[in-house]
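Kindly generate the corresponding structure for this input.
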Amino acid sequence: MAQSTELTRRTLMALSALGLAAPRAAFAEAPGGQLTWAVHISLAPTWFDPAETPGMITPFLLLYALHDAMVKPMPGNAAEPCLAEAWKMSSDGLGYQFTVRQGAKFHNGAPVTAEDVKFSFERYRGTSAALMKERVAAVETPDERTVHFVLKKPWPDFVTFYASASGAGWIVPRKYVQEVGEEGFKKAPVGAGPYKFVSFTPGVELVFEAFDGYWRKPPAVKRLVMKVIPEEGTRLAALKRGEVDIAYSIRGELAEELQKTPGLTLKPVVIQGTFWLYFPDQWEPKSPWHDQRVREAARLALDYKSISEALTLGHSPVTNNIIPDSFDFYWKAPPPVYDLAKAKKLLADAGHRNGFDAGDYYCDSSYANLAEAVINNLQEAGIRVKLRPLERAAFFAAYSDKKLKNIIQGSSGAFGNAATRLETFAVKGGAYAYGNYPEIDTLFAEQAVELDKDKRTAMLHKIQQILHERSVYAPIWQLAFLNGLGKRVAESGLGLIKGHAYSAPYEDVTLKKS
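Modelled structure (predicted):
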């Protein structure tokens with residue numbers, strides 16, 4: 001009788017422990033089929049390049065498909081070793097050593113090496129780039145698989161910044177980038193992620209194809225298509241017709257309609273995306289926003305609960321903080337208060353008995369409906385504004401270039417902790433900080449080198465408390481991202497990575513078997 005060649009799970013585990021088992025990819029089915037997303041924003045080529053990652057979550061929509069990182073947030077782990085098979089901190093806290101994963105390769109077949117890791121860090125120019133490079137004394141590559149980051153002084157947040165709050169740890173192929181140049185790389189990006197770039201038609205669609213050589217496992221779905229459909233009703237219609245399988249951002253009455261449609265599923269995911277009003281002119285003595293009473297009036301004018309119920313069916317928590325409640329070092333603020341009468345009184349006390357013209361209200365156009373709800377509240381209090389929506393890439397570019405005035409409806413769903421979010425939005429020199437308060441800057445500098453977690457927590461809580469008490473921001477909500485799933489989807493990837501807004505990891509996304 002012939003011996004069975006079938007390998008049991010227990011046998012595979014035993015062989016793996018001895019280093020004798022074949023890679024997981026050898027036993028996986030070849031990828032097949034196509035999964036199509038209706039994306040709510042215009043996709044920008046700047047997001048194809050990890051070096052330009054801004055302080056928001058949007059680029060990770062693409063990075064998780066096209067690229068891979070040394071360490072990154074994954075299901076069940078906020079800092080999962082990926083292209084690094086291992087990493088460790090030196091006993092004095094001044095060094096971090098990463099071991100590049102054996103066999104990891106880029107889409108062009110080139111192996112991922114220590115030089116690629118060093119190159120990717122040195123060319124990084126996105127959010128927190130100056131901060132990281134100021135604190136890293138050297139990047140050493142003693143051999144092809146070893147990278148040693150040498151710090152100038154202990155920095156407890158190094159891995160948080162490197163692995164999640166920036167794009168510095170996402171690796172690109174040095175030789176290829178040098179061959180094709182910066183613009184050439186955006187036109188034909190090559191990464192080490194589970195999917196290869198196929199084509200991009202601006203304003204229409206982006207197409208990826210499965211990379212069978214991905215180290216973790218080959219993706220289950222052969223082809224991913226991201227269709228750009230900015231209009232919410234059109235996204236829902238495409239989902240109903242089966243033209244797309246997943247539709248991002250379906251809100252309000254359309255979300256209710258989706259819930260009632262046979263075969264479709266509403267998938268709400270509370271993410272680490274907080275939204276707020278920012279008053280960039282508060283440091284200008286002649287601006288109405290310089291008066292704290294005016295900023296407090298704006299906060300009191302917002303009917304937070306009604307806005308959440310109307311747009312996200314009540315799924316979006318109102319946390320009254322720009323820091324997500326899932327982040328380390330989060331400070332629980334007092335609940336927000338909606339008090340229109342008090343808002344009007346504060347405005348009158350500040351010399352605006354009949355209200356005032358507050359100028360332009362800037363926002364990411366994909367959240368113009370949130371802006372409209374907020375503007376209605378502000379105008380009831382006497383704060384009159386003009387809505388100025390911009391496409392997402394243009395909005396965040398203008399925001400970070402300090403070109404916006406009056407009121408900015410800001411947001412961030414970026415990974416990290418309270419310190420990384422504060423560095424970007426509240427500290428002098430931050431990518432989106434238009435001014436600063438010396439007390440906050442002093443506390444931030446002190447916490448950055450504090451190794452005692454309790455002391456550090458107290459400092460970061462104090463910073464959040466100051467932001468709250470001075471009404472530097474008017475927090476709106478922590479977004480519950482409402483999405484629609486079609487009948488072909490088995491695993492959407494939504495919610496697998498804690499706090500992440502989009503489908504990921506893409507190699508885990510599956511279609512139902514026909």
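
where does the residue nearest the centre of the chain fall, helix, sheet strand or coil?
Closest to where the C-alpha atoms of the chain average out (C-alpha atoms, centre = their mean) is Ile57, at 1.8 Å. On the three-state scheme (DSSP: H, G, I helix; E, B strand; the rest coil), Ile57 is labelled coil.

need the contact list for the residue lying closest to it once chain neighbours are set aside.
Using C-beta to C-beta, 6 or more residues apart in numbering and skipping residues adjacent in sequence, the residue nearest Ile57 is Gly413, 3.3 Å away. For the C-beta atoms, the positions are set from N, CA and C on the backbone; glycine is no exception. Counting by C-beta atoms under 8 Å, 6 or more residues apart in numbering, Gly413 touches 56-58, 271-274, 479, 499-501.

Could you rerun that using 7 Å?
Listed by C-beta atoms under 7 Å, 6 or more residues apart in numbering, the contact partners of Gly413 are 56-57, 271-273, 501.

coming back round to it: ok, the residue nearest to the centre of the chain touching Gly499?
No: applying C-beta atoms under 7 Å, one finds Ile57 not in contact with Gly499, separated by 8.8 Å.

I would like the residues contacting stretch 311-328, please.
251-252, 255, 268, 270, 272, 274, 276, 304-305, 308, 330-331, 333-336, 369-370, 373, 416-418, 421, 425, 464, 473, 475, 477-480, 482, 498-499.

Give me the buried entries from the residues you listed.
251-252, 255, 268, 270, 272, 274, 276, 304, 308, 330-331, 333, 336, 369-370, 373, 416-418, 421, 425, 464, 473, 475, 477-480, 482, 498-499 (16 or more other C-beta atoms under 10 Å).

In helices, which of the residues you listed appear?
Within the buried ones among the contacts of stretch 311-328, residues falling in helices by DSSP state H are 252, 255, 304, 308, 369-370, 373, 418, 421, 425, 464.

which residues of the stretch 401-514 of the chain fall in helices?
418-425, 438-448, 453-469 (DSSP state H, counting those that start in this stretch).

Comparing the ones you listed, which comes out most buried?
Of all the helices of the stretch 401-514 of the chain, helix 418-425 carries the top mean neighbour count, a mean of 25, counting by mean count of other C-beta atoms under 10 Å.

picking up where we left off before, next one: the residue nearest to Ile57 relative to Glu209, how far apart?
From Gly413 over to Glu209 the distance is 27 Å, taken as C-beta to C-beta, to the nearest Å.

go on, Pro317?
Pro317 is 38 Å from Glu209, by C-beta to C-beta.

quick one: contacts for Leu443?
Neighbour list for Leu443: 459, 462-463 [criterion: C-beta under 7 Å, 6+ apart].

Dump these into JSON lines; add distance to Glu243 and pLDDT as well.
Shown next, in JSON lines, are the contacts of Leu443 (distance: C-beta to C-beta, whole Å; pLDDT from 0 to 100):
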{"residue": "Met459", "distance to Glu243": "51", "pLDDT": "98"}
{"residue": "Lys462", "distance to Glu243": "51", "pLDDT": "98"}
{"residue": "Ile463", "distance to Glu243": "47", "pLDDT": "98"}
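
Take those residues and lay them out in TSV including distance to Thr99.
Compiled in TSV, the contacts of Leu443 are given as follows (distance: C-beta to C-beta, whole Å):
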residue	distance to Thr99
Met459	33
Lys462	38
Ile463	36
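
from the residues you listed, which is closest to Ala247?
Ile463 (38.0 Å; C-beta to C-beta).

Quickly note the distance from the closest one to Arg299.
Separation of Ile463 from Arg299 (C-beta to C-beta): 18 Å.

can you check Glu122 too?
Separation of Glu122 from Arg299 (C-beta to C-beta): 42 Å.

sorry, back to before: dump the contacts of Gly413 to CSV, plus pLDDT.
Formatted as CSV, those follow (pLDDT from 0 to 100):
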residue, pLDDT
Met56, 90
Ile57, 94
Ile271, 96
Gln272, 96
Gly273, 96
Ala501, 95
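
from those residues, which is closest to Asn108?
Ile57 (27.8 Å).

which residues sit in contact with that closest one?
For Ile57, the contact set (C-beta under 7 Å, 6+ apart) comprises 273, 413-414, 501.

residue ranges with poor pLDDT in this structure?
Residues of the chain that meet the criterion pLDDT under 70 lie in 1-29.

Show me the strands in the stretch 251-400 of the chain, by range?
265-278, 356-364, 383-390 (DSSP state E, counting those that start in this stretch).

Nearest to Asp291, out of these?
In terms of C-beta to C-beta, the element of the strands of the stretch 251-400 of the chain nearest to Asp291 is strand 356-364, at 10.8 Å.

Quick one: work out the angle between that closest one and strand 265-278.
Counting by axes from the mean of the first three to the mean of the last three C-alpha atoms, to 10 degrees, strand 356-364 lies at 140 degrees to strand 265-278.

what are the pairing partners of strand 356-364, and which direction each?
Sheet pairing of strand 356-364 (DSSP bridges) gives strand 383-390 (parallel), strand 407-412 (parallel).

Need the ones you listed in a markdown table (columns: mean neighbour count and distance to Asp508).
Listed next are those as a markdown table, based on neighbours: other C-beta atoms under 10 Å; distance: least, C-beta to C-beta, whole Å:
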| stretch | mean neighbour count | distance to Asp508 |
| --- | --- | --- |
| strand 383-390 | 17 | 34 |
| strand 407-412 | 26 | 25 |
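
So for Tyr506, which of those strands sits nearest?
With respect to Tyr506, and counting by C-beta to C-beta, the nearest of the strands paired with strand 356-364 is strand 407-412 at 22.4 Å.
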